[in-house]
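>>> Show me how the following folds:
(chains A and B)
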Amino acid sequence: ELKVEQNPLFLSMQEGKNYTIYCNYSTTSDRLYWYRQDPGKSLESLFVLLSNGAVKQEGRLMASLDTKARLSTLHITAAVHDLSATYFCAVNNDMRFGAGTRLTVKP
Amino acid sequence: ETGVTQSPTHLIKTRGQQVTLRCSSQSGHNTVSWYQQALGQGPQFIFQYYREEENGRGNFPPRFSGLQFPNYSSELNVNALELDDSALYLCASTRQGYGDEQFFGPGTRLTVL
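Residues are numbered from 1 along each chain as shown, chains lettered A, B, ... in the order given. All right, here's what the predicted structure looks like:
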């Protein structure tokens, strides 16, 4: 059974700091998705990673994919309060989601 | 704004009742997926429809069923509601062959009493 594990599940950061969220998955997949969800809201697509070694960046967020290691990372650079949200990774096939990383950025 | 709409936004039902949730996809998006998201958890895949046919199903019982229509709208039907069906139900539309990026609607929050 496909398993998608994110860590950490909770992350409290200071503004201006860097950190990385990890997403491991248990079986072969050809694409990986990252989403953001604000409290009480729907999911916003951040990145779609389609191949091994793919790296995408948008603002302070950068996502990468290593299909051999079955690992994706979401790196946060110089965090700001507006990045506070829950971040999910999801793997293709039946769109299995991780449990989410609840990020809080403090002044 | 993703261009995906859902109705209703909130709904309260009692155990044993039936419910129909609706989703209107972006024009040209031939694939729609439905998800259930319980409070504090990640979304769980219910099923996907492609060109009006079911194209994959998650671990949900047959009392969860769906339809997709030619006008890019779709329905999720749940029969014999149970308390554990209380959740946020999300639909997402995709234009297959274009990176398969999913665009989520705002969701319907269902409460079963």
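
>>> count of neighbours near B:Tyr89?
Counted with other CB atoms under 10 Å in any protein chain shown, the neighbours of B:Tyr89 add up to 24. No exception for glycine: its C-beta is placed from N, CA and C like everyone else's.

>>> How about it, nearest residue that isn't a chain neighbour?
Nearest residue to B:Tyr89, sequence neighbours excluded (CB to CB, 6 or more residues apart in numbering or on different chains): B:Thr108, at 4.8 Å.

>>> what about the one you found, distance to chain A?
The spacing between B:Thr108 and chain A, counted by CB to the nearest CB, to the nearest Å, is 10 Å.

>>> so who does that residue touch?
B:6-11, B:21, B:88-89 (CB atoms under 8 Å, 6 or more residues apart in numbering or on different chains).

>>> Go again with 10 Å.
By CB atoms under 10 Å, 6 or more residues apart in numbering or on different chains, the contact list for B:Thr108 reads B:6-11, B:19, B:21-23, B:76, B:87-91.

>>> Name the helix or strand for the residue most central in space within chain B, please.
Centroid-nearest residue in chain B: B:Trp34, 3.1 Å away (criterion: CA atoms, centre = their mean). Per DSSP states H and E: B:Trp34 is located in strand B:31-37.

>>> Show me what that strand is packed against.
Under the contact criterion of 3 or more CB pairs under 10 Å, 6 or more residues apart in numbering or on different chains; DSSP states H and E, strand B:31-37 touches strand B:19-24, strand B:44-50, strand B:53-57, strand B:64-68, strand B:73-78, strand B:87-94.

>>> mind listing what that strand pairs with, with the direction of each?
strand B:44-50 (antiparallel), strand B:87-94 (antiparallel) (DSSP bridges).

>>> Pull the distance from the first one to the chain's centre.
Distance of strand B:44-50 from the chain centroid (CA atoms, centre = their mean, to the nearest Å) equals 7 Å.

>>> The last one now?
Taking CA atoms, centre = their mean, one finds the center of strand B:87-94 at 4 Å from the center of the full chain.

>>> show me the residues around residue 22 that make contact.
Picking chain A for this. By CB under 10 Å, 6+ apart, the residues touching A:Tyr22 are A:5-8, A:71-74, A:89, A:98, A:101.

>>> meant chain B actually
Neighbour list for B:Arg22: B:5-8, B:67, B:73-76, B:91, B:105, B:108 [criterion: CB under 10 Å, 6+ apart].

>>> Just the buried residues of the residues you listed.
Neighbour counting by 16 or more other CB atoms under 10 Å in any protein chain shown classes B:5-6, B:74-76, B:91, B:105, B:108 among those as buried.

>>> thought B:Ser27 was touching B:Pro70?
No: B:Ser27 sits out of contact with B:Pro70 when judged by CB atoms under 10 Å, with a separation of 11.8 Å.

>>> out of these two, which sits in the busier spot?
Applying other CB under 10 Å to B:Ser27 and B:Pro70 shows that B:Ser27 carries more neighbours, namely 10 against 7.

>>> which residues sit in contact with the more buried one?
B:3, B:71-72, B:93, B:95.

>>> Assumed B:Asp84 was part of a helix.
Yes: counting by DSSP: H, G, I helix; E, B strand; the rest coil, B:Asp84 falls inside a helix.

>>> separation between the closest residue in space to A:Lys3 that isn't next to it in sequence and A:Leu74?
What sits nearest to A:Lys3 in space, not counting adjacent residues and going by CB to CB, 6+ apart, is A:Ser26, at 4.3 Å. The gap separating A:Ser26 from A:Leu74 is 19 Å, by CB to CB, to the nearest Å.
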